[in-house]
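Asks: here is my input, please return the structure:
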Amino acid sequence: MNTNRIIKLFVSCLSILIPLFLMAQPPGFDQDTNDVPIDGGLSILLAAGIGYGIKRKFKQEDEAKKKKPATKD
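Replies: Got it, this is the predicted structure:
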């Protein structure tokens, strides 16, 4: 085996195994904790991000059409 391949295998095994031993706290919650919904404004931010991405894509396509010379048929 190549030394480079051994190093990559070792690093990938460590990156998989180390988080298993480094748990900061036990899983689960105490019974007296209130759960908080995550969806508050997250869906609005996600929709805004998608809209912004679509707007930028259309703007790039328009700029590419303007730079492209017109062809004569």
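
Asks: in this structure, which spans are helices?
Replies: Secondary structure of the chain (DSSP state H): helices at 3-21, 39-67.

Asks: measure the residue nearest the centre of the chain to residue 9 for me?
Replies: By C-alpha atoms, centre = their mean, the chain has its centre lying nearest to residue 46, at 12.3 Å. Distance, residue 46 to residue 9, using C-beta to C-beta, to the nearest Å: 37 Å. In short, each C-beta sits where N, CA and C put it, glycine included.

Asks: now swap in residue 60 and tell me
Replies: According to C-beta to C-beta, residue 60 stands 41 Å off from residue 9.

Asks: ok, residue 68 - how many residues close by?
Replies: Residues within reach of residue 68, counting by other C-beta atoms under 10 Å, total 8.

Asks: list the contacts of it.
Replies: Applying C-beta atoms under 8 Å, 6 or more residues apart in numbering to residue 68 gives no contacts.

Asks: need phi/psi at it.
Replies: Torsion angles at residue 68 (phi, psi; degrees, to the nearest 10) stand at phi -70, psi 130.

Asks: now it: how far from residue 21?
Replies: 57 Å.

Asks: show the pLDDT at the residue nearest to the centre of the chain.
Replies: Per-residue confidence at residue 46 stands at 90 (pLDDT).

Asks: ok, now residue 1?
Replies: pLDDT at residue 1 comes out at 59.

Asks: same check, this time on residue 55
Replies: For residue 55, the predicted pLDDT is 94.

Asks: so how far is residue 61 from it?
Replies: Counting by C-beta to C-beta, the gap from residue 55 to residue 61 is 11 Å.

Asks: ok, now residue 11?
Replies: Applying C-beta to C-beta, the value for residue 11 to residue 61 is 41 Å.

Asks: repeat for residue 54
Replies: Going from residue 54 to residue 61 by C-beta to C-beta gives 11 Å.

Asks: so how many other residues sit close to residue 58?
Replies: By other C-beta under 10 Å, 10 other residues sit near residue 58.

Asks: what about residue 16, neighbour count?
Replies: 9.
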